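[1] Make a model of this:
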Amino acid sequence: AGLPHILMRFYTVPTAKEARRSVTWAIWLIGIFYLFTLVLGYGAGAIVGPDAIKKAPGAANSAAPLLAYELGGTVLLGLIAAVAFATILAVVAGLTITASASFAHDIYVNVIKHGQVQDEQHTEVKIARRTAVVIGIVAILGGILANGQNIAFLVALAFAVAASANLPTILYSLFWKRFNTNGALWSIYGGLAITLVLIVFSPVVSGKPVDPATGRSNSMLQGVDFHWFPLDNPGLVSIPASFLLGYLGTVLSKDKANKEKYAEMEVRSLTGAGAEKAVAH
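    Numbers count the residues shown, from 1 in each chain. So this is what the prediction gives:
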């Protein structure tokens, strides 16, 4: 529910009621779609066979293409490969553009420069281009580090980050009128930090036993073990922790007067109240 597929629904509808309706439909459709992966997985195991999948290039990542080849030959395999390639390009392009534009406009112009820049549009484009290059380099290094990992599992880690950093703020903003900026900051930054720390110190990064067949560990780093968190995916801990931080940040906020007057988050989003402080600084 914290992924871009859901977040974009809030910007394409005229009212809050329609936003809730759109998000509900999207969650159901996307949830059902992801349940189809169970069918693909079991189907590949039954038709292709576990041994054939493990011996194929990419191991578990080859399950869907191998299943396509068994069911429809080279035609269906080519179709699946084309869809996968197009999806990768679309996702990478979308994330790169979104991240670079957000950094250039929100962080560089409004936070670092406090809105005091000459030729704002030209500056944003220049910073966005540089950010895209940096993001590309970081993504390539991360891809090299995660080489050989199960793609579906890496996607689950991204889900954990989104659900910990974004989901509590979304739900609190929709259904809790007392929720305020302080609670949002606690939830977003706290949830993100907890998730990243738990991933770094999980068996995903180090500490998994060496597979005798391959001579390699399933962890990203070989020959080291500094993990202390036992779970591969931190969601069971990080998501409730993020909800708790959002609640504590709101109830412990010093701005009690505003809590009694209005729903701060709603007023800020509709009127821009408080933005003048950032510009003034």
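
[2] residue ranges with poor pLDDT in this protein?
    1-2, 4-5, 7, 10-11, 255-281 (pLDDT under 70).

[3] ranges for the helices of it?
    4-7, 16-47, 50-55, 63-102, 120-145, 151-165, 167-175, 181-200, 235-251, 256-261, 264-271, 275-280 (DSSP state H).

[4] Including distance to residue 207, could these go into CSV?
    (C-beta placed from N, C-alpha, C; glycine too.) Output for the helices of the chain, formatted as CSV (distance: least, CB to CB, whole Å):
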stretch, distance to residue 207
helix 4-7, 32
helix 16-47, 26
helix 50-55, 22
helix 63-102, 26
helix 120-145, 15
helix 151-165, 16
helix 167-175, 28
helix 181-200, 12
helix 235-251, 17
helix 256-261, 45
helix 264-271, 41
helix 275-280, 43
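
[5] between the ones you listed, which gets nearest to residue 114?
    helix 275-280 (6.5 Å; CB to CB).

[6] just to revisit the earlier point, for the helices of the chain, which one sits closest to residue 110?
    helix 275-280 (6.3 Å).

[7] now the helices of the chain in a markdown table, with distance to residue 112 and mean neighbour count?
    Formatted as a markdown table, those follow (distance: least, CB to CB, whole Å; neighbours: other CB atoms under 10 Å):
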| stretch | distance to residue 112 | mean neighbour count |
| --- | --- | --- |
| helix 4-7 | 24 | 15 |
| helix 16-47 | 31 | 13 |
| helix 50-55 | 49 | 13 |
| helix 63-102 | 13 | 14 |
| helix 120-145 | 9 | 13 |
| helix 151-165 | 21 | 18 |
| helix 167-175 | 23 | 19 |
| helix 181-200 | 18 | 20 |
| helix 235-251 | 24 | 19 |
| helix 256-261 | 27 | 11 |
| helix 264-271 | 21 | 15 |
| helix 275-280 | 11 | 10 |
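
[8] Nearest to residue 220, out of the ones you listed?
    helix 120-145 (5.3 Å).

[9] Would you check the distance separating that closest one from the middle of the chain?
    18 Å (CA atoms, centre = their mean, to the nearest Å).

[10] Could you do stretch 174-185 as well?
    Distance, centroid of stretch 174-185 to centroid of chain: 21 Å (CA atoms, centre = their mean).

[11] one step back: indicate which one of the helices of the chain is closest to residue 211.
    helix 50-55 (10.6 Å).

[12] Quick one: distance of the closest one to the chain centre.
    With CA atoms, centre = their mean, you get 30 Å for helix 50-55.

[13] I'd like to know which elements it is packed against.
    helix 63-102 (3 or more CB pairs under 8 Å, 6 or more residues apart in numbering; DSSP states H and E).

[14] The helix it packs on relative to helix 120-145, how many degrees between them?
    Angle of helix 63-102 versus helix 120-145, following axes from the mean of the first three to the mean of the last three CA atoms, to 10 degrees, is 150 degrees.

[15] what packs against helix 63-102?
    Looks like helix 63-102 contacts helix 4-7, helix 16-47, helix 50-55, helix 120-145 (3+ CB pairs under 8 Å, 6+ apart).

[16] Need those in TSV (columns: distance to residue 169).
    Shown next, in TSV, are the helices and strands packed on helix 63-102 (distance: least, CB to CB, whole Å):
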stretch	distance to residue 169
helix 4-7	11
helix 16-47	14
helix 50-55	39
helix 120-145	23
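
[17] Out of the ones you listed, flag the one nearest residue 218.
    helix 50-55 (12.7 Å).

[18] Outside of the closest one itself, list whatever touches it.
    44-45, 59-60, 62-63, 66 (CB atoms under 8 Å, 6 or more residues apart in numbering).

[19] mind running it again at 10 Å?
    41, 44-45, 49, 59-63, 66-67, 70, 213-214 (CB atoms under 10 Å, 6 or more residues apart in numbering).
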